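>>> Sharing a model prediction with you, sequence too.
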Amino acid sequence: MIKVIITDDHPVVRLGIRQILEDDDRISLIDEAGDGKELIAKLIQHDYNVVLLDITLPGRSGLDLISQVKRVQPTAAVLMLSIYSEEMYAMTALKYGASGYLTKSSAPDELVAAIHKVARGERFISSSVAEKLAENIFEHSHEKQRPVLSPREMDVLSRFADGKTVVQIASEFSLSPKTISTYRTRLLTKLKLKTTSELIRYAILRKGDTKV
């Protein structure tokens, strides 16, 4: 029997996922958390097989939480569930310890199948992500490799895609605008872009990229 905790800051989303999972008699417990702080508190008190984790959370993002989740409960599988396309985040999530990645546009049956797979200790990846993993192994051309971004850099990039300013992003993460400006500079360098407008355009295109 599988114990799952759903971590998302939108109650309606949590309710929808709960209703999907309650139809599966192999899932014995469904718990919820609205942010990273609540999630970690529950992980300390209870054992779970699968942690469903959204990327965009208040305070610390899902990507930033993966390592702490694994420290608190090493045997729990982390399955990322996000509005952002696999093209933008899946590789980074897997690199930082997630067992799988799904977009919120996925079919309910696919979500249930993914939960069962990661609960068995396996990874859940789409064919497109598998292809990209193969490309990283066999493709050595620098031009063809995507830049590797840290979880925080990915967080900042996603906020630019949402149209937020440096000051707004700083407030959301409880950081100084200067720190966010430093992340912006790193992103420009890694992505070989020149201006903030180019960075925003890149972020929006990656956010809406559904080609898998």
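In hand now; what should we look at? Numbering: from 1, shown residues only.
>>> For stretch 12-19, what is the distance to the chain centroid?
18 Å (Cα atoms, centre = their mean, to the nearest Å).
>>> Which residue ranges of this structure form strands?
2-7, 27-33, 50-53, 77-82, 100-103 (DSSP state E).
>>> among the ones you listed, which is nearest Lys164?
Closest to Lys164 of the strands of the chain, according to Cβ to Cβ: strand 77-82, at 17.0 Å. Just so you know, the C-beta spots here come from the backbone N, C-alpha and C atoms, and that holds for glycine as well.
>>> If you tally nearby residues, what's the number for the nearest residue to Arg186 once chain neighbours are set aside?
Excluding the flanking residues, the one nearest Arg186 by Cβ to Cβ, 6 or more residues apart in numbering is Glu153, at 6.2 Å. Neighbour count of Glu153, defined by other Cβ atoms under 10 Å: 19.
>>> so what's the spatially most central residue of the chain up against?
In the chain, the residue lying closest to the centroid (Cα atoms, centre = their mean) is Ile55, at 3.8 Å. Counting by Cβ atoms under 8 Å, 6 or more residues apart in numbering, Ile55 makes contact with 61-63, 80, 82-84, 89, 93, 154-155, 158.
>>> What's the PyMOL syntax to select whichever of those are buried?
What follows is the PyMOL syntax for the buried subset of the contacts of Ile55, where burial is set by 16 or more other Cβ atoms under 10 Å:
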select buried, resi 61+62+63+80+82+84+89+93+154+155+158
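>>> in terms of contact, does Pro177 touch Val166 like I think?
Yes. With contact defined as Cβ atoms under 8 Å, Pro177 counts as touching Val166 (5.2 Å).
>>> So between the two, which is more surrounded?
With neighbours defined as other Cβ under 10 Å, Pro177 and Val166 compare such that Val166 has more, 19 against 14.
>>> pLDDT value on the more buried one, please?
What the model reports as pLDDT for Val166 is 90.
>>> Please apply the same query to Val12.
95.
>>> Mean confidence (pLDDT) on stretch 39-49, please.
Mean predicted confidence for stretch 39-49 is 96.
>>> Any buried residues in that stretch, and which?
39-40, 42-43, 48-49.
>>> Let me have these in a markdown table, adding distance to Asp162 as columns.
Compiled in a markdown table, the buried residues of stretch 39-49 are given as follows (distance: Cβ to Cβ, whole Å):
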| residue | distance to Asp162 |
| --- | --- |
| Leu39 | 22 |
| Ile40 | 25 |
| Lys42 | 27 |
| Leu43 | 28 |
| Tyr48 | 29 |
| Asn49 | 32 |
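>>> Narrow those residues to those in helices?
39-40, 42-43 (DSSP state H).
>>> Which two of the residues you listed have the greatest separation?
Taking Cβ to Cβ, no two of those sit farther apart than Ile40 and Lys42, at 7.4 Å.
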